[in-house]
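In: This is the structure alone, sequence omitted:
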């Protein structure tokens, strides 16, 4: 009765338009008050015990770093570099938008932040070049979804926290799928633009490309330092009398802190697009996003505790095993479940609610947790551009001043591209696992 009440209340509140974080909290508290056999004081103990995780601290730090880089000129220089490299191709500005999303994904970890950062510059640029407005908005709304696949990724940190999976391995596993998705999106942009006959821009000279590369050097240095520090060198390296130890230099959480200091230094002292007086406001604005995210995590932790205490995840795993369900059928079922969940919920609550339920079945069927994590993240990308709760759709609508229903139509063709990539990644696990296996063994 307790589990039935928990899910009925949760979906009832969501259907009534109550925010997901509040819906989780109300359903958990109601179930605790009327059905729980354990002390009410356990709520505080479980919340603290479950969120006091060092890797989870990386989430607020990456959000702050992304906000600083957005205001500090880092995004602008990455976009200029992308435009000089691809602007002369058919659909060059659209391809540059997707490439810029891939660049920005390496420093933001957020899908919505990527749409805002790239879309606020590239959508007006494409419209100025007489691109179809739906094409321009759909490109950026979909390209921004790469923000949670290419590392560092906030969604992967949450998944690693829930499943106790190595975050560095997840980060490395997302590199090839992220590049593959970006390539597919750019290919579709090229083909559609050529068919629609969008005008071409003048090819950038070698000097312009070198100047753009020089100007964006510090922006490109950020992901190199972050990822280089997380992974380090696989083996010790000797250079004359010097010997550099192998292994990681810092953890993902420490890397998030490093990214904040790099963002401040580059934005204030190198690019000089940010002033110290602006920093407090940026921190306050980021604090709202951090607070809401942590509130969702707290309520989802208690939701998961009730499910785990009642044995729901293991009961589902036992049922799946008893049904002799093959891994590929199970993964198809997971994709269907997460697709419909993504229509009504954001990435973080989906991972926190559904992954603890599904993960015991993943283990029982012998599916690689790293591979499964990438499948989950790509599903979250799909959810970000599907109505009615697709966050990227709302962001793109706000930036472009286009009605939300038109943004949904604009994103529809691109949704098929991500669905295709999802199927490939689901049933070709090599794409997700080859780099972690090569590096970590």
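Out: Sure thing, it's come through. Keep in mind that what you see is a predicted model, and the values were worked out from it rather than measured.

In: show me where the stretch 201-350 of the chain has helices.
Out: For the stretch 201-350 of the chain, helices defined by DSSP state H, counting those that start in this stretch occupy the ranges 206-215, 217-231, 252-265, 279-309, 312-322, 327-342, 347-364.

In: Also the stretch 1-150 of the chain?
Out: 2-15, 20-35, 42-51, 58-71, 74-86, 92-108, 111-128, 133-143.

In: show me what contacts the closest residue to residue 65 other than its chain neighbours?
Out: In space, and not counting its chain neighbours, residue 65 is closest to residue 259: 4.0 Å by Cβ to Cβ, 6 or more residues apart in numbering. For glycine as for every other residue, the C-beta is placed from the backbone atoms N, C-alpha and C. By Cβ atoms under 8 Å, 6 or more residues apart in numbering, the contact list for residue 259 reads 61-62, 65, 107, 152, 222, 225-226.

In: Now the buried members of those.
Out: Buried by 16 or more other Cβ atoms under 10 Å: 61-62, 65, 107, 152, 222, 226, out of the contacts of residue 259.

In: Tell me which two of those residues sit farthest apart.
Out: The largest separation in the buried ones among the contacts of residue 259, counting by Cβ to Cβ, is between 61 and 222 at 13.4 Å.

In: Can you list the buried residues in stretch 430-441?
Out: Quick answer for stretch 430-441 (16+ other Cβ under 10 Å): 431-433, 435-436.

In: Can you pick out the most distant pair from the residues you listed?
Out: Once Cβ to Cβ is applied, these give 431 and 436 as the farthest pair, at 11.3 Å.

In: Is residue 314 in contact with residue 358, as I believe?
Out: No. Residue 314 lies out of contact with residue 358 (Cβ atoms under 8 Å); the separation is 11.6 Å.

In: Between the two, which is the more surrounded one?
Out: The neighbour comparison of residue 314 against residue 358 (other Cβ atoms under 10 Å) goes to residue 358, with 21 against 14.

In: Can you report how many residues lie near the nearest residue to that one once chain neighbours are set aside?
Out: Closest residue to residue 358 apart from its sequence neighbours, by Cβ to Cβ, 6+ apart: residue 334 at 6.1 Å. Using other Cβ under 10 Å, the number of residues around residue 334 comes to 21.

In: center of the protein - which residue?
Out: A centroid search over the chain (Cα atoms, centre = their mean) returns residue 148, at 1.6 Å, as the residue closest to the centre.

In: pLDDT value on that residue, please?
Out: pLDDT, residue 148: 85.

In: before we move on, what about residue 244?
Out: 62.

In: ditto for residue 437
Out: Value for residue 437, per-residue pLDDT: 91.

In: so residue 93 makes contact with residue 84?
Out: No. Residue 93 lies out of contact with residue 84 (Cβ under 8 Å); the separation is 11.7 Å.
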